[in-house]
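Colleague: generate a structure from the sequence data that follows.
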Amino acid sequence: MKNFKITIFLLLALVVSLQAAFVAVLETGADPTVKDMVPLTDRQYLTNVLREQAVKELPASQNYTIMTRENIIAMLPPGKSIEDCEGSCLAETGKNIAADYICQARISSFNGTLTLSAELYETAGNKLIASFNGLGSNISQLLTLVIKKSPEFFRSVKNDIAIKSPTQASTTQTVTAQNVPANQNYFAQASQGDGEYLPPSTKTKVNWPRARLFLHAGLYDAGIGIKLRFSNENGIYMAMDARWVSFGSNQFLYIPALFYLGGNVVHFVSGPTLMKSSTNGEDGLLMALGINWDIGRHFGIDALAFLPTKSYIGGSLGLDFRFVF
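Modeller: Model (predicted):
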């Protein structure tokens, strides 16, 4: 029982950290026509200032995490280059490095003058939530532009999180063009185009939850289930499934009802599990605790511990790979 309580405490502490929004600031890029005019060290300094502004507007005390340059490099797939990545490709890169939001500035030219453009994406829905552009005759003027524009730029993250809060997403909403911030797309589709487009200035009822079937298989088990999504994105959902578990000569049927809480990528998982044995007569109720990582729209990984609620029922560990239709 003591070990069980310690496990509960550690997992609850972990889920608090999982609620943090991770923001990645990629290195400032440059078009080939201006690379000679703007050396790498200057672009790195612009990136450092942009990341500094992100830390000021999205502090750790408010549960935001600004990923460091080292974090980003370490999490990129081998051989992955983001130098030429623009537009929705940034959102895909954000998913690869488990960032909730990702931004990048890029230097180009217009009529012989340097230009700088910056874009900020919410990664789960491939959604552009903020951008700014400006001109400068030299790198110092571009730096001034970054310092001036970036506070409002990064505040868009707070606005986006407030807009898609679960309490708003799970109820019937009345939304008009007047009460949506100008730099936000309230009617963004859910993760990977999984949602609905809602036209502005209309009353529209959103039919929650949305259900999707999935298959999964792990080290000792396989099964089929249904995923019920309760939030506008992929942040909170429930999964119910039936899985056949085999440990040597012992065969079990597990029927878990699991709740997934957290961000759009990583979730804390908990819920009750019915267990019935076909070999040794052990029947009862287990408590599932663990961590989930959703990789894009279709794939996910669950690492779960099934803990006994009575001493005569054995527990188990599971690592499952899931495909969602």
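Colleague: when you work out contacts or count neighbours from here on, use the C-alpha atoms and nothing else.
Modeller: Noted.
Colleague: how's the protein carved up into domains?
Modeller: 2-163, 210-324 (automatic domain parsing).
Colleague: helices of the protein, start to end?
Modeller: Counting by DSSP state H, one finds helices in the chain at the ranges 2-18, 40-57, 69-75, 88-96, 139-163, 166-169.
Colleague: residue 292 and residue 64: what is the separation?
Modeller: Separation of residue 292 from residue 64 (CA to CA, to the nearest Å): 20 Å.
Colleague: swap that for residue 310, sorry
Modeller: From residue 310 to residue 64 the distance is 40 Å (CA to CA).
Colleague: neighbour count winner among those two?
Modeller: residue 64 (20 against 11; other CA atoms under 10 Å).
Colleague: quick one: that one and residue 56 touch, right?
Modeller: No. Counting by CA atoms under 8 Å, residue 64 stays clear of residue 56, with 10.5 Å between them.
Colleague: strands of the stretch 101-250 of the chain, residue ranges please.
Modeller: 101-110, 113-122, 127-136, 173-175, 202-204, 210-218, 221-229, 237-247, 250-262 (DSSP state E, counting those that start in this stretch).
Colleague: and these: which comes nearest residue 33?
Modeller: Residue 33 lies closest to strand 101-110 among these, at 7.3 Å (CA to CA).
Colleague: partner strands of that closest one, with direction?
Modeller: strand 21-25 (parallel), strand 29-30 (parallel), strand 113-122 (antiparallel) (DSSP bridges).
Colleague: from the chain's centroid, how far away is that strand?
Modeller: 22 Å (CA atoms, centre = their mean, to the nearest Å).
Colleague: quick one: low-confidence ranges for the stretch 1-150 of the chain?
Modeller: 1-20, 79-88 (pLDDT under 70).
Colleague: what about 90?
Modeller: 1-21, 32-33, 35-37, 60-63, 68-99, 112, 123-127 (pLDDT under 90).
Colleague: hang on, the earlier thing: among the strands paired with strand 101-110, which is nearest residue 246?
Modeller: Using CA to CA, the strands paired with strand 101-110 put strand 21-25 closest to residue 246, at 38.0 Å.
Colleague: so where is the stretch 201-325 of the chain shaky, pLDDT-wise?
Modeller: In the stretch 201-325 of the chain, residues with pLDDT under 90: 201-212, 216, 218-221, 227-237, 244-253, 261-266, 275-286, 294-300, 305-320, 322-325.
Colleague: what about 50?
Modeller: Applying pLDDT under 50 to the stretch 201-325 of the chain flags residues 201-208.
Colleague: residue 63 and residue 294, how far apart?
Modeller: For residue 63, the distance to residue 294 - CA to CA - is 21 Å.
Colleague: higher neighbour count, the two?
Modeller: Comparing residue 63 with residue 294 by other CA under 10 Å, the one with more neighbours is residue 294, at 21 against 14.
Colleague: which strand residues bridge the closest residue to the more buried one other than its chain neighbours?
Modeller: Once flanking residues are discounted, residue 294 sits nearest to residue 300: 4.1 Å by CA to CA, 6 or more residues apart in numbering. For residue 300, the beta-bridge partners are residue 294, residue 322 (DSSP bridges).
Colleague: now the one 5 residues further on
Modeller: With DSSP bridges as the criterion, the beta-bridge partners of residue 305 are residue 289, residue 317.
Colleague: Serialize the strands of the stretch 101-250 of the chain to TSV and add fields for distance to residue 276 and mean neighbour count.
Modeller: Formatted as TSV, these follow (distance: least, CA to CA, whole Å; neighbours: other CA atoms under 10 Å):
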stretch	distance to residue 276	mean neighbour count
strand 101-110	43	22
strand 113-122	43	22
strand 127-136	45	19
strand 173-175	43	14
strand 202-204	44	13
strand 210-218	19	17
strand 221-229	14	19
strand 237-247	10	18
strand 250-262	5	20
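Colleague: need these in CSV (columns: distance to residue 150).
Modeller: Conversion of the strands of the stretch 101-250 of the chain to CSV gives the following (distance: least, CA to CA, whole Å):
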stretch, distance to residue 150
strand 101-110, 11
strand 113-122, 9
strand 127-136, 8
strand 173-175, 28
strand 202-204, 33
strand 210-218, 36
strand 221-229, 34
strand 237-247, 34
strand 250-262, 27
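Colleague: what's the closest of the ones you listed to residue 321?
Modeller: strand 210-218 (5.5 Å).
Colleague: what lines up beside that closest one in the sheet?
Modeller: strand 221-229 (antiparallel), strand 316-324 (antiparallel).
Colleague: now tabulate these in JSON lines and tack on distance to residue 264.
Modeller: Listed next are the strands paired with strand 210-218 as JSON lines, based on distance: least, CA to CA, whole Å:
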{"stretch": "strand 221-229", "distance to residue 264": "11"}
{"stretch": "strand 316-324", "distance to residue 264": "15"}
